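A.B. asks: starting from these lines, generate the structure:
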Amino acid sequence: MSFLRKHKYDLVIALTLLVFAVLFVAIKDNFGFLSDRRMFEDFVGTFGILGPLAVIFSIVLEVIIAPIPGFVPAVSAGFIFGPFEGAVYTYIGNMLGSVLVFLISRHLGKTILMRFVDEDGLEKYGAIIAKRENILLFLYIFPFVPTDIISGAFGLSAISLKKFFSFISVAFLIHVLISNYFGDYLARLYFR
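C.D. replies: Just a heads-up that it's a prediction; the model follows:
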């Protein structure tokens with residue numbers, strides 16, 4: 001029972017995604033653009049610049065607020081826009097979101113954290129991050145790692161914004177290519 005209580009939000013999100021996927025597959029034959037990839041791409045194209053902006057905004061929002069697992073918008077971008085274009089939008093969204101989380105944490109995080117831990121606790125936390133800085137930065141490569149939490153942690157640490165930005169700008173290239181190619185693969189399976 002404690003497992004259900006502990007993971008109730010994760011289960012609700014997973015169940016919602018599952019229901020959405022089943023409904024999407026069930027109704028695809030009733031709507032022409034949902035049964036043919038070319039028609040689907042043409043339909044998405046009718047939104048013009050709003051389509052890519054919506055994807056970028058949803059990724060930035062996901063990184064900052066984090067109620068949705070991070071891979072969902074990234075895989076969706078690959079599904080909707082294909083592996084290259086989807087990767088560009090996912091990259092922009094992840095970079096903007098991660099830098100914003102870093103800056104918010106850098107400017108507001110210590111004040112909030114000081115309500116829960118003392119100065120010694122904060123120093124110990126900073127030392128732990130400093131020891132494992134390169135390993136934590138390396139985790140940005142993997143799509144299923146909660147990089148929003150790591151970005152917040154780095155905002156509380158002594159790492160410079162320049163180093164943080166430089167590393168994630170390279171790491172996210174691999175991250176978004178993996179997730180968007182997976183989304184494109186799902187789209188090819190779906191539109192067979």
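A.B. asks: in this protein, what helix or strand scores lowest on average pLDDT?
C.D. replies: helix 32-35 (a mean of 47; mean pLDDT, DSSP states H and E).
A.B. asks: now Gly183, nearest residue through space, not along the chain?
C.D. replies: Gly78 (2.4 Å; CB to CB, 6 or more residues apart in numbering). C-betas here are computed from N, CA, C, even on glycine.
A.B. asks: list the contacts for that neighbour?
C.D. replies: Taking CB atoms under 8 Å, 6 or more residues apart in numbering as the contact definition, Gly78 lies against Gly86, Ala87, Thr90, Ser179, Asn180, Tyr181, Phe182, Gly183, Asp184, Tyr185, Leu186, Ala187.
A.B. asks: my read is that the fifth one contacts Pro73, right?
C.D. replies: No: under the criterion of CB atoms under 8 Å, Asn180 lies out of contact with Pro73, with a separation of 10.6 Å.
A.B. asks: now the common contact residues for those two.
C.D. replies: With CB under 8 Å, 6+ apart as the test, Asn180 and Pro73 both reach Thr90.
A.B. asks: in a markdown table: the contacts of Gly78, plus neighbour count, secondary structure and pLDDT.
C.D. replies: Output for the contacts of Gly78, formatted as a markdown table (neighbours: other CB atoms under 10 Å; DSSP: H, G, I helix; E, B strand; the rest coil; pLDDT from 0 to 100):
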| residue | neighbour count | secondary structure | pLDDT |
| --- | --- | --- | --- |
| Gly86 | 28 | helix | 82 |
| Ala87 | 25 | helix | 84 |
| Thr90 | 30 | helix | 85 |
| Ser179 | 27 | helix | 79 |
| Asn180 | 29 | helix | 75 |
| Tyr181 | 17 | helix | 76 |
| Phe182 | 17 | helix | 76 |
| Gly183 | 26 | helix | 74 |
| Asp184 | 22 | helix | 74 |
| Tyr185 | 14 | helix | 75 |
| Leu186 | 15 | helix | 72 |
| Ala187 | 22 | helix | 69 |
